[in-house]
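**Q** Mind looking at a prediction? Sequence and model below.
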Amino acid sequence: MLARLTRINGGSRQRERLRQEPTFASLEFEQKKRRTRRERFLSRLDGLLPWAALEAVIELHYPKPGRGRRPYPLAVMLRVHVVQVCYNLSDPGMEDLLYEAESARRFCGLSLAGAIPDESTILHFRHLLERRQLGDTLLAAINEQLEAQGLRLQARSLTPASSRRRPRPRTASAAGTRRCIKRARATSGTSG
């Protein structure tokens, strides 16, 4: 999986070779005895989703290398986004998961020896999907593939919940309790 990566930031041959060589973390990961639920889920997800069809939907809108900083490969960013949606992670939470979980890095085609997308890169990719309204198209492509196997993904949209604004429910009793606590502190007469 690591050998599929291309150079991300226009680095030298040495950096590309380093990305293909196993790291201590990946060697240790391969020696463990038990597969976690996350590994099993990501492995199943990898086989179920129509990656080529999903990439084709986004490819027209994805930045091309040439101007400015070289973008991460589309396949990597799409997989990062799918993991973010499946685990309902914020952008910083997704970045943390990529650094902490070898199974997530392997699923996304990343390695600690190479570059890992930071939260702003993840945010820009998500905003690209939202701006172009590609979430519904991706969801339809995913469901078309899954229905052939008797499965269906139900979601309002293919964006993480952390990016949608939801009003916080506020009851009158909760607001009154907060006011009482503030008043009690102010009128208690103790200082310090």
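**A** Received it, and whenever you're ready, just let me know what you need.
**Q** Next, count neighbours for residue 104.
**A** 22 (other C-beta atoms under 10 Å). All C-beta atoms are positioned from the backbone trio N, CA, C, and that covers glycine.
**Q** Once you drop chain neighbours, what's closest to it?
**A** In space, and not counting its chain neighbours, residue 104 is closest to residue 97: 5.1 Å by C-beta to C-beta, 6 or more residues apart in numbering.
**Q** Can you tell me the SS state at that neighbour?
**A** helix (DSSP: H, G, I helix; E, B strand; the rest coil).
**Q** That one: neighbour count?
**A** 19.
**Q** what's the answer for residue 27, then?
**A** The tally of other residues near residue 27 (other C-beta under 10 Å) stands at 9.
**Q** Could you say which helix or strand holds it?
**A** Assigned by DSSP states H and E, residue 27 belongs to helix 24-31.
**Q** following that helix, which helix or strand shows up next?
**A** Once helix 24-31 ends, the next helix or strand along the chain (criterion: DSSP H and E) is helix 37-48.
**Q** list the buried ones in that next one?
**A** Using 16 or more other C-beta atoms under 10 Å as the test for burial, helix 37-48 gives 38-39, 42.
**Q** Go through the residues you listed and say which is closest to residue 154.
**A** Residue 154 lies nearest to residue 42 out of the buried residues of helix 37-48, by C-beta to C-beta, at 19.9 Å.
**Q** Look up how far residue 63 lies from the closest one.
**A** Per C-beta to C-beta, to the nearest Å, residue 42 is found 26 Å from residue 63.
**Q** Show me where this protein dips below the pLDDT cut-off.
**A** By pLDDT under 70, the low-scoring segments of the chain are 1-20, 25-26, 29, 155-192.
**Q** Can you show me the helices along this structure?
**A** Using DSSP state H, the helices of the chain run over 13-20, 24-31, 37-48, 51-59, 74-86, 91-100, 102-108, 119-131, 135-147, 172-187.
**Q** now the fifth one and helix 91-100, what's the angle there?
**A** If I follow you right, that is helix 74-86. 110 degrees (axes from the mean of the first three to the mean of the last three C-alpha atoms, to 10 degrees).
**Q** Buried ones in helix 74-86, by neighbour count?
**A** In helix 74-86, counting by 16+ other C-beta under 10 Å, buried: 74-85.
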